[in-house]
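Novice: got a structure for you, letters missing:
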């Protein structure tokens, strides 16, 4: 079911109003690409059915999501000559699930930062980097552990 008030439920209207072009679709999913921006190849993957959040995907949409995401991200990576494709999902803005796909090349405008405010990177063993916020204090370990345990329980009960 679609929502007549939702811009993204009508892919062609969304393309016109958001300066995008629909480049691929199947029965469940649509990929559009931005006609402007700070990098080339930026795309938006969205379900055709009105789905506010990733948690609202139905069985068929959820089953297709991973393969479709891999297919379109690979195509954008190749088309843009990118090193990798960042995948962003934000919960605000337009209340229709849309996955932002940003083909990234060294030196372009995209960032892997996932927190706002002032931060620095701190090296960790194995070559990775940890983001350290200067604006937000680190949460208490027991608070974080409690959520980890709740998630573990919810997932083991659903399995």
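Specialist: Looks like it came in fine. This structure is a prediction, so every number in the text was calculated from the model and none was measured.

Novice: can you say which helix or strand has residue 46 in it?
Specialist: strand 43-47 (DSSP states H and E).

Novice: show me what that strand is packed against.
Specialist: strand 29-34, helix 59-80, strand 99-104 (3 or more Cβ pairs under 8 Å, 6 or more residues apart in numbering; DSSP states H and E). For the C-beta atoms, the positions are set from N, CA and C on the backbone; glycine is no exception.

Novice: format the ones you listed as a markdown table; extra columns: mean pLDDT, distance to residue 123 and mean neighbour count.
Specialist: Shown next, in a markdown table, are these (pLDDT from 0 to 100; distance: least, Cβ to Cβ, whole Å; neighbours: other Cβ atoms under 10 Å):
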| stretch | mean pLDDT | distance to residue 123 | mean neighbour count |
| --- | --- | --- | --- |
| strand 29-34 | 94 | 34 | 22 |
| helix 59-80 | 96 | 27 | 15 |
| strand 99-104 | 93 | 21 | 21 |
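
Novice: got the buried residues for stretch 112-124?
Specialist: By 16 or more other Cβ atoms under 10 Å, stretch 112-124 has no buried positions at all.
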